[in-house]
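Asker: Okay, sequence plus prediction incoming.
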Amino acid sequence: MKLVSYRDQVETQLGVLIEDQIISLRLLDEVYKDQTAIDVKIPSDMKQLIEQSEMILPYMEKLLQYYKEDGQKKLSKPVSDVEVLAPIAQPEKIICVGLNYLDHCKETGMEPPAFPMIFSKYANSIIGNHAAIEIPINSKQVDFEAELAVVMGKEAKCISAEEAEEFIFGYTIMNDVSARDLQFADGQWSRGKSADTFAPLGPAIVTKDEVGDPHQLDISLELNGTIMQESNTNNLIFDIPYIVAYLSQSMTLKPGDIIATGTPHGVGMGRDPQVWLKEGDLLTIKIERIGTLSNPVKKYVSEEKDLSKGHSLVEG
């Protein structure tokens, strides 16, 4: 099942994405609830849906079955008629794994890590499909990173790799946008990775049963129609069960937490000459069985004044 958050005119709601149609979960609930004899209610928030997924998903499957059998009910809209939002807007944690493809380690000139290299992004970075990535006023080296992201389904603390799949809800796409000049000037990665709009996410969360093996997925990124990154998740250095278990030794993972699993080779920083994002660019990430995430690029300009001119900024 592919689950989306979307805005239909002024209302924000959840839906199921089937090909190019979004089916409203609220309307499904209203129309077919009496036929199910199941006493549950579909929440309007994705994180709550994930928290209650053991009860909610079987109920949703029944609703969809009734919908497919009932040719008279029109509860869907073309995806082009709505605004698709980031599937989760406020996860408790966005955890990223750096240097998790061997070929990416080589292009950065760094040794493959002995253990997962972990850093964080923040919710201010999240945007949805087709929303614009903004180049901050204090960076001239903004880069792209296509990544498969894990969406946690249950609270996990000190679990084993063998148990990890039980705690995963599904998967989505994340672009780990990075200001390289800020990232390396600071000596740590928080500022360079967490600017506003630096975590495009979506368009859908695909439940793990529909994805199957997450380590056999083609992944690619195009910049203005030219393929820049192309690989397969079978090239991950640390696989997903290991990453989830490793993280759970230090922190309690919560439903809706996002874990980005790393990017393959081909990023702008590793090219000769280097490639940095500029206004007017279009980034498109495709991951097999997950979907396509597209985002334009624009410069950030303050509505009040352009802080890059006539104003003293102190870095540090």
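Answerer: Cool, got the structure. Numbering: from 1, shown residues only.
Asker: just the helices in the stretch 51-200 of the chain please.
Answerer: Applying DSSP state H, counting those that start in this stretch to the stretch 51-200 of the chain gives helices spanning 53-69, 102-108, 180-186, 190-193.
Asker: Can you get me the centre-to-centre distance for the second one and its chain?
Answerer: Centroid separation for helix 102-108 versus its chain: 22 Å, with CA atoms, centre = their mean, to the nearest Å.
Asker: Give me the helices and strands touching it, please.
Answerer: Helices and strands touching helix 102-108, as assessed by 3 or more CB pairs under 8 Å, 6 or more residues apart in numbering; DSSP states H and E, are absent. Just so you know, the C-beta spots here come from the backbone N, C-alpha and C atoms, and that holds for glycine as well.
Asker: So which bits of it are buried?
Answerer: The neighbour-count check on helix 102-108 (16 or more other CB atoms under 10 Å) flags H104, C105, E107 as buried.
Asker: JSON lines for these, including pLDDT and distance to P113?
Answerer: Compiled in JSON lines, the buried residues of helix 102-108 are given as follows (pLDDT from 0 to 100; distance: CB to CB, whole Å):
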{"residue": "H104", "pLDDT": "88", "distance to P113": "11"}
{"residue": "C105", "pLDDT": "86", "distance to P113": "8"}
{"residue": "E107", "pLDDT": "84", "distance to P113": "15"}
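Asker: mind giving me JSON lines with the helices of the stretch 51-200 of the chain and columns for distance to S120?
Answerer: Formatted as JSON lines, those follow (distance: least, CB to CB, whole Å):
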{"stretch": "helix 53-69", "distance to S120": "25"}
{"stretch": "helix 102-108", "distance to S120": "19"}
{"stretch": "helix 180-186", "distance to S120": "13"}
{"stretch": "helix 190-193", "distance to S120": "7"}
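Asker: Quick one, which of these gets closest to L282.
Answerer: helix 180-186 (20.1 Å; CB to CB).
Asker: buried stuff in that closest one?
Answerer: R180, D181, L182, Q183.
Asker: between those, which is nearest A195?
Answerer: So of these, ranked by how close each gets to A195 (CB to CB), first place is L182, at 7.9 Å.
Asker: Which residue lies closest in space to the closest one, excluding its sequence neighbours?
Answerer: Leaving out its chain neighbours, the residue that sits closest to L182 by CB to CB, 6 or more residues apart in numbering is G192, at 3.8 Å.
Asker: tally of neighbours for that neighbour?
Answerer: Neighbour count of G192, defined by other CB atoms under 10 Å: 24.
Asker: show me the contacts for H104.
Answerer: G262, T263, P264, H265, V267, G270 (CB atoms under 8 Å, 6 or more residues apart in numbering).
Asker: let's see it at 10 Å
Answerer: The neighbourhood of H104, defined by CB atoms under 10 Å, 6 or more residues apart in numbering, consists of 98, 110, 112, 145, 229, 231, 235, 237, 262-267, 269-270.
Asker: With respect to W276, which of those is nearest?
Answerer: Among the contacts of H104, M269 lies closest to W276 (CB to CB), at 8.5 Å.
Asker: Name the SS class of the closest one, please.
Answerer: helix (DSSP: H, G, I helix; E, B strand; the rest coil).
Asker: Kindly provide the distance from it to R7.
Answerer: Distance from M269 to R7, counting by CB to CB, to the nearest Å: 35 Å.
Asker: These two: which is more packed in?
Answerer: Comparing M269 with R7 by other CB under 10 Å, the one with more neighbours is M269, at 18 against 13.
Asker: what pairs with the residue nearest to N235 when sequence neighbours are not counted across the strands?
Answerer: Nearest non-adjacent residue to N235, counting by CB to CB, 6+ apart: Y101, 5.3 Å away. As for beta bridges, Y101 partners with L236 under DSSP bridges.
Asker: Check the gap between Y101 and S194 for me.
Answerer: 22 Å.
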